[in-house]
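Chemist: Have a look at this prediction, sequence included:
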Amino acid sequence: MSTGALYNDQGGAEAAVEAGQESTPTSSGSGAAFGLFSADFKKNEDLKEMLESSKESLKLEAMKRIVGLIAKGKNASELFPAVVKNVASKNIELKKLVYVYLVRYAEEQQDLALLSISTFQRALKDPNQFIRASALRVLSSIRVPIIVPIMMLAIKEAAADLSPYVRKTSAHAIQKLFSLDADQKEQLIEVIEKLLKDKSTLVAGSVVMAFEEVCPDRIDLIHKNYRKLCNLLVDVEEWGQVVIISMLTRYARTQFTSPWKEGAMFDENNEKAFYESDSEEKKGHTEEKPYIMDPDHRLLLRNTKPLLQSRNTAVVMSVAQLYWHLAPKHEVSIVTKSLVRLLRSHREVQYIVLQNIATMSIQRKGMFEPFMKSFYVRSTDATHIKTLKLEILTNLANEANISTILREFQTYVKSQDKAFAAATIQAIGRCATNISEVTDTCLNGLVLLLSNRDETVVAESVVVIKKLLQTQPTQHSEIIKHMAKLFDNITVPMARASILWLIGEYCERVPKIAPDVLRKMAKSFTAEEDIVKLQTVNLAAKLYLTNSKQTKLLTQYILNLGKYDQNYDIRDRTRFIRQLIVPSEKSGALNKYARRILLAPKPAPVLESSFKDRDRFQLGTLSHSLNSKATGYQELSDWPAVAPDQSVRNVEIIEAVKEWTPTVGKTKQPKSDDKFYSDDEDEKEEEGSDSSGSEDSSSSSSEGLFMYFTMQMFSSCLAAKYHFPRQPCLYQPSMVAVQVILSNSSDHSLEEIHIGDRSPASLSIHCFNTIERLEPEASVTVSMGIDFSDSTQAANFQLCTKEDQFSVSIQPAVGELLMPSSMTEQDFCKEQGKLQGMNETSATITMETANASSQAISKQVLSVANVGVVSSSQNNFSRFAGRTVSSGALVLVSLELKESSTALLTINTEKTVMASMLLRDIKQALTQA
């Protein structure tokens, strides 16, 4: 049975357990029954008597105690006959608890459960939806092939039930029936196809789980339901969201073309590259066919984005892997902040998230570099968490931050956690090989560690030094001599073996020391570990070939010791070496090549991350965590070269699921996909696939963002447009003025149009007066005031009529949160001087030639932001000033023209988040034709 089904099936049990624990009697008699040495039969006899009582209250009390026992892990199976008698009880609460018990033990007590089949079948027709669902749950828990036809009939009936809860239970039952009898697959697929069309968010997650269990390869079942699932996603329960996102990730990889193509240009709104290329590069690519993202592909990315703020870590991880596998590369970085947030969770969550970050950081270091401090090791971290953080820090190391990381590593080496200290030394070795500028520094630091008192640190240092010396042995003969001197004090076998290998490999560079080391090893040969003995034999052979005068007798002595060693590997190696280096009739021509075999130049080892090859598995899966393909793992397919026909996702009858559809008159607002801070990114659209229309970059913000929404309910149809008039709000100075045009496009009058509930509850809105009546085809303009609190977060509220209500979301562009401020050039420079450092945000931009004049600059800046022009005495300077409407914080914008169409754009304000958003919008306005 799937985990999803198990989670939902046991939900009722948990509630019942709580009820049972609260009302469990605490009398001395019953308390004694729970004693350590008391016999279970007394307690159970008590419960049996209560279950056979004629009083409903006693039966209910008994069932609460029994479910409490089950929750504690006690065996209550012998009470099955007494419990099953009450399955036909008329008391709803009692019947629910009986069903909870039966779900747990129906599989163990199949014969007794079968006797109650008729009761369960009757319960499937019960007026109470919970009883119907519980009956189906029990029926599907009886694992007897003989009742498969009954189960199939019950599932089909439940799939058509009026209650979404019962339909959800039928989806869970599908998985159980499939595991019992796989021959029923075709009939179950028919039920799944029917349930996939269900509009209820309660059913969506469960039916997709059934789809994944029964027929994950039947992609054709998803086509017609794809857009509906995308739009419902945000309202589905959390574990359902995880399953749906996983399925949609696989679906998207088969239906859309890759957004990662080299040199791809995005020819749709909010698809501008995160790092914009120079104008020359853009001209060079004009001949290539631009990449146009499928609207359905964009729909999936847009509707999963708000889930990055979910409280459920599994949901956040699912969205992160979806963006990693499906989003254009410049959009993937929006998941970074959410993943870092998860590092505050429990260590089990940290472990999985860090594993995924480790894989991501190998390919895209830039994503996590700004959050490098989040991966610093804490003293309270467990060893496996520390090791993963170390892995990520090593992946993020580059020329700019390596000094900071090495200082951090110096502290880690002193850790009392030996395994972690050893891993740190390995990390220093990787940094040394990856960044040539610090190789010598790392090597010197590792040599200093050789005098450490801790054997583990010394041993690991030796092993890493050995690998580093292989890259440039000619420069470091002194280090080899130093290690040879420390040889007697080192006891860890791997470290001793590494030193012996180094001396043997570069014996010609230390001709005086190598024979002496071999002499010492001959004395202690029999007491050494096997790995050390093997390297001793190798050292003897290499010295025999390069310095036979001094080492001939020593080599023969060691070979004789190895010949009779207890370990067969050492005996075999000894015999092989003897035949290879000592000339004899048996060795033949092989002896001529001994030097070329033993002293051949060895390639330097490559120190790589252990996570380098994990990207072959889908992020967030068990297979990725284990680095091995787990049972049931479904691989992501490669992107198709040519996208399949997108018309398969078109639905003939448009479902009234979507609430918003933007008109052609879009302004800069849709670029919110490029925002980094997800807190300000709550998107207002829960749109259909056609919502990613083209961007009208030339439209003025004075026209505002026109939206209309429709809802077909009670034969009414209300259309609305809103825009920002850029006038002071009459109702309250801290509010932004908004004008809304309401139109009645239905064939009857609409009455009592007013604003209802708002979200968040603290949102300050000045509502328009109730419109008593709006005739067909008539329109009316009303004014509102909204306090956005200097944030681009959407203002959500209900627009109500006498009969209907519609969800409305108004989200302002950052420039609409400002009001013009008049000041002189001197005052501007004075205030700018006060807002330096962290209060200053700047960027060098390449301007479009048509925008180079001061008049064009003013026009483009004012189209983006509601600011005032400050007169300037310098021709190459343009200055603008404004204040935030809500808090009155000063916002200063200056543009200094440089040579060859480049300019320095600077924004000074205390509101740093607003500054970065405003900088992006103005930059985009000035760089476009």
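Modeler: Structure received.
Chemist: list the buried ones in the helix or strand containing A540?
Modeler: Here A540 is covered by helix 530-546, with elements defined by DSSP states H and E. Buried residues in helix 530-546, counting neighbours by 16 or more other CB atoms under 10 Å, are found at 531-546. (Each C-beta comes from the backbone N, C-alpha and C, glycine too.)
Chemist: Show me what it is packed against.
Modeler: For helix 530-546, the helices and strands in contact under the criterion 3 or more CB pairs under 8 Å, 6 or more residues apart in numbering; DSSP states H and E are helix 493-505, helix 513-524, helix 548-563, helix 568-581, helix 594-598.
Chemist: what's the spacing between the last one and its chain's center?
Modeler: What it means is helix 594-598. 52 Å (CA atoms, centre = their mean, to the nearest Å).
Chemist: which other residues reach that helix?
Modeler: Outside of helix 594-598, the residues within contact range by CB atoms under 8 Å, 6 or more residues apart in numbering are N538, A541, K542, L545, L580, I581.
Chemist: Tell me the one of those nearest P605?
Modeler: When the contacts of helix 594-598 are ranked by distance to P605 (CB to CB), N538 comes first, at 16.9 Å.
Chemist: so what's the closest one up against?
Modeler: Neighbouring residues of N538 by CB under 8 Å, 6+ apart: L500, W501, G504, I577, L598.
Chemist: mind checking pLDDT for the nearest residue to L590 once chain neighbours are set aside?
Modeler: Once its chain neighbours are removed from consideration, L590 has its nearest residue in L580; the separation is 6.2 Å (CB to CB, 6 or more residues apart in numbering). Note for L580: predicted pLDDT of 84.
Chemist: L580 reaches A589, doesn't it?
Modeler: No - taking CB atoms under 8 Å as the definition, L580 is not a contact partner of A589, at 11.5 Å.
Chemist: which one of the two has more residues nearby?
Modeler: Set side by side, L580 and A589 show more neighbours around L580, with 17 against 6, by other CB atoms under 10 Å.
Chemist: Give me the distance between the more buried one and R596.
Modeler: In this view, L580 and R596 are 11 Å apart by CB to CB, to the nearest Å.
Chemist: what do you get for E391?
Modeler: Plainly put, E391 is 39 Å away from R596 if you go by CB to CB.
Chemist: Show me what the particular helix or strand that has V458 in it is packed against.
Modeler: Applying DSSP H and E as the criterion places V458 in helix 455-469. In this structure, helix 455-469 makes packing contacts with helix 418-434, helix 439-449, helix 477-485, helix 493-505, judged by 3+ CB pairs under 8 Å, 6+ apart.
Chemist: average pLDDT across it?
Modeler: The pLDDT scores in helix 455-469 average 82.
Chemist: quick one: buried residues of that helix?
Modeler: When neighbours are counted by 16+ other CB under 10 Å, the buried residues of helix 455-469 are found to be 457-469.
Chemist: Adding distance to A135 as columns, could you present these in CSV?
Modeler: As requested, those are exported to CSV (distance: CB to CB, whole Å):
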residue, distance to A135
V457, 65
V458, 69
A459, 65
E460, 63
S461, 68
V462, 69
V463, 65
V464, 65
I465, 71
K466, 69
K467, 66
L468, 70
L469, 74
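Chemist: Kindly indicate which of those lies nearest E899.
Modeler: E899 has its nearest neighbour among the buried residues of helix 455-469 in L468, at 46.8 Å by CB to CB.
Chemist: mind listing what the closest one touches?
Modeler: For L468, the set of contacting residues under the criterion of CB under 8 Å, 6+ apart consists of G429, A432, T433, T439, C442, L443, L446.
Chemist: what's the distance between the residue lying closest to the second one once chain neighbours are set aside and I435?
Modeler: What that stands for is A432. Across the structure, with CB to CB, 6+ apart as the measure, the residue nearest A432 apart from its sequence neighbours is C442 (3.6 Å). Noted for C442: a distance of 9 Å to I435, by CB to CB.
Chemist: On the pLDDT front, check the nearest residue to K329 once chain neighbours are set aside for me.
Modeler: The spatially closest residue to K329, leaving aside those adjacent along the chain, is W260, at 6.0 Å (CB to CB, 6+ apart). In this prediction, W260 carries a pLDDT score of 82.
Chemist: got it, and the one 3 residues further on?
Modeler: Looking at G263, its pLDDT reads 50.
Chemist: same check, this time on T441
Modeler: At T441 the predicted local confidence, pLDDT, stands at 83.
Chemist: is S764 in a bridge, and if so with what?
Modeler: Here S764 sits in beta bridges with D787, going by DSSP bridges.
Chemist: Just to check, it is in contact with F788?
Modeler: No - counting by CB under 8 Å, S764 sits too far from F788 to count as a contact (9.2 Å).
Chemist: Between those two, which is the more surrounded one?
Modeler: When S764 and F788 are compared for neighbours, F788 comes out ahead with 24 against 15, by other CB under 10 Å.
Chemist: which stretches of the stretch 601-750 of the chain have low pLDDT?
Modeler: Residues of the stretch 601-750 of the chain that meet the criterion pLDDT under 70 lie in 652-717.
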